[in-house]
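Participant: Coordinates for the following, if possible.
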Amino acid sequence: ELRIRNLSCEEELPWKEGSTLFNYISGVSFNGLTGPIKFKEGKRVDFKLDLLKLKASELKKVGEWTPSGSLVITDKYAFTEGRPPNITLKVLSRIEEPFVMFRKTAADEDAPTGNNRLDS
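Facilitator: Next up is the predicted model:
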């Protein structure tokens, strides 16, 4: 049985019934609004939290977080306004005349390097 009494934050005395409550919570398991609710060693385990964002007056799920994993964003544009974020793309091509070809240089010029080798 748990007895409720006033506790002081100023004193460093433990609550006598604290271990009873701790043991009780460790044995609790039920389904709640956020899914299964279980505790192990006084901490909630086996759960995930949905990351929600308010979009056009409604909440949209844009990711999720679990304590064992990390944050997973499922909507890559959820946190950008307007244009997509500044990103770098690598574009691969092959020499295909007349669309992509090597730049022709004079005999007395240094050989171009990198993207300067190409002409379009």
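Participant: lowest average confidence, helix or strand, in this structure?
Facilitator: Least confident helix or strand, the chain: strand 118-119 with a mean of 74, by mean pLDDT, DSSP states H and E.
Participant: Below-threshold pLDDT in the protein: ranges please.
Facilitator: Low-confidence segments of the chain (pLDDT under 70): 1-3, 82-87, 89, 91-92, 98-99, 120.
Participant: And the contacts of the least confident helix or strand of the chain?
Facilitator: 100-104 (CB atoms under 8 Å, 6 or more residues apart in numbering). (Glycine included, C-beta is placed from N, CA and C.)
Participant: Skipping adjacent residues, who's closest to the residue nearest the centre of the chain in space?
Facilitator: In the chain, the C-alpha nearest the mean C-alpha coordinate belongs to residue 71, at 2.6 Å (CA atoms, centre = their mean). Closest residue in space to residue 71, ignoring its immediate chain neighbours: residue 65 at 4.9 Å, by CB to CB, 6 or more residues apart in numbering.
Participant: and if you look at residue 34?
Facilitator: residue 47 (6.5 Å).
Participant: On the three-state scheme, that neighbour is what?
Facilitator: Secondary structure, DSSP: H, G, I helix; E, B strand; the rest coil: residue 47 is coil.
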